[in-house]
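K.L.:
Here is my input; please provide its structure:
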Amino acid sequence: MHTFQQYWTPGLFAANVNIGAHLLGALVLGVLVGYERTFKGRAAGMRVYGLVCMASAALTVFAGYVPLWYGGSAASVGADPTRLVQGIVSGIGFLCGGVIMKDGFTISGLTTAASIWAVAAIGVLLGVGFYGAAVLFAVFCMLAMSLLRKLEAKLPGRATLEVSLTFRTGTSPDLEELVAGAQARGYQLVRESLTITSADQLSVWRFGAVALDRSRATSPALLAYELSTLEGVAGFAIVPSRH
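P.N.:
Below is the predicted model:
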């Protein structure tokens, strides 16, 4: 009975209340950051972000109560918070790797992975008591994920298209003609990305095309119309590459 009672001393009770408040704050901040991902229909949303932030806070805040571990019988145990943070970063790395997907020239999940890593850091800041920094970091994360995309779209930059052309039987495609046609429309054909396959006796060419200035290059919709009028093209696909 005495052993059981030592886990409910006033000091331990106060520590549990304080840790609980940290966990609640981490859950709220994680959910706030994760809402942007939920709003955009991503698989990792509010629940994932809330759990990651809360777990990171839990794994750092308890290191500050070493004298109270095991009912106060671990006063001589030395805890290194930096090693705890290393473990958190390693564990989050596995989780982030699972949300990054690559399909052709398109890589998706990078923003989600980076934001999961960031929300783990928010939990660590909250766990060690930097409340203002944790809140500010959460606000910055939300602004970065919601506003920077709009800013990126307005700034000058390049865009990449993944193009697949299926040529009719008897048609002899010419790479230099494709290069010249792409340049005339504001694109640079990435020669090293060219792959040529055959399906149902039809030649399929797949390559990347980079818009040197996305505001002046021919739009994908107009490119699709022009390709549909070409006599030697039996089918095509144009996919904007996302990163």
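
K.L.:
show me where the chain has helices.
P.N.:
For the chain, applying DSSP state H gives helices covering 2-5, 10-39, 46-61, 69-72, 81-99, 110-127, 131-154, 175-184, 220-228.

K.L.:
Show me the domain layout of the chain.
P.N.:
2-154, 159-240 (automatic domain parsing).

K.L.:
Single out the most deeply packed of these.
P.N.:
domain 2-154 (a mean of 16; mean count of other CB atoms under 10 Å). No exception for glycine: its C-beta is placed from N, CA and C like everyone else's.

K.L.:
I'd like to know the average pLDDT value across that one.
P.N.:
In this model, domain 2-154 has an average pLDDT of 78.

K.L.:
Distance from it to the middle of the chain?
P.N.:
Domain 2-154 sits 16 Å away from the centroid of its parent chain (CA atoms, centre = their mean, to the nearest Å).

K.L.:
Adding distance to residue 165, write the helices of the chain out as JSON lines.
P.N.:
Listed next are the helices of the chain as JSON lines, based on distance: least, CB to CB, whole Å:
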{"stretch": "helix 2-5", "distance to residue 165": "75"}
{"stretch": "helix 10-39", "distance to residue 165": "35"}
{"stretch": "helix 46-61", "distance to residue 165": "39"}
{"stretch": "helix 69-72", "distance to residue 165": "66"}
{"stretch": "helix 81-99", "distance to residue 165": "32"}
{"stretch": "helix 110-127", "distance to residue 165": "28"}
{"stretch": "helix 131-154", "distance to residue 165": "28"}
{"stretch": "helix 175-184", "distance to residue 165": "8"}
{"stretch": "helix 220-228", "distance to residue 165": "7"}
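
K.L.:
Looking at these, spot the one closest to residue 214.
P.N.:
Nearest to residue 214, of all the helices of the chain, is helix 131-154, at 9.0 Å by CB to CB.

K.L.:
List just the one of the helices of the chain that sits closest to residue 192.
P.N.:
Closest approach to residue 192 among the helices of the chain is made by helix 175-184 (12.1 Å; CB to CB).

K.L.:
Show residues contacting that closest one.
P.N.:
Here helix 175-184 makes contact (CB atoms under 8 Å, 6 or more residues apart in numbering) with 188-189, 191, 194, 205, 207, 209.

K.L.:
which secondary structure elements does the longest strand anywhere in the chain contact?
P.N.:
In terms of residue count, the longest strand belonging to the chain (DSSP state E) is strand 187-199. Judged by 3 or more CB pairs under 8 Å, 6 or more residues apart in numbering; DSSP states H and E, the packing partners of strand 187-199 are helix 175-184, strand 202-211.

K.L.:
With just CA atoms, put that strand into PDB.
P.N.:
What follows is strand 187-199, C-alpha atoms only, in PDB (Å, rounded to 0.1, in the frame of the first residue of the first chain):
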ATOM      1  CA  TYR A 187       9.100  24.400 -73.400                       C
ATOM      2  CA  GLN A 188      12.500  22.700 -73.200                       C
ATOM      3  CA  LEU A 189      12.300  19.000 -73.800                       C
ATOM      4  CA  VAL A 190      14.400  17.000 -71.300                       C
ATOM      5  CA  ARG A 191      16.200  14.600 -73.600                       C
ATOM      6  CA  GLU A 192      17.600  12.300 -70.900                       C
ATOM      7  CA  SER A 193      14.000  11.700 -69.600                       C
ATOM      8  CA  LEU A 194      12.900  10.200 -73.000                       C
ATOM      9  CA  THR A 195      11.600   6.600 -72.800                       C
ATOM     10  CA  ILE A 196      10.300   4.700 -75.800                       C
ATOM     11  CA  THR A 197       8.100   1.700 -75.400                       C
ATOM     12  CA  SER A 198       5.800  -0.300 -77.700                       C
ATOM     13  CA  ALA A 199       2.200  -1.200 -76.900                       C
END
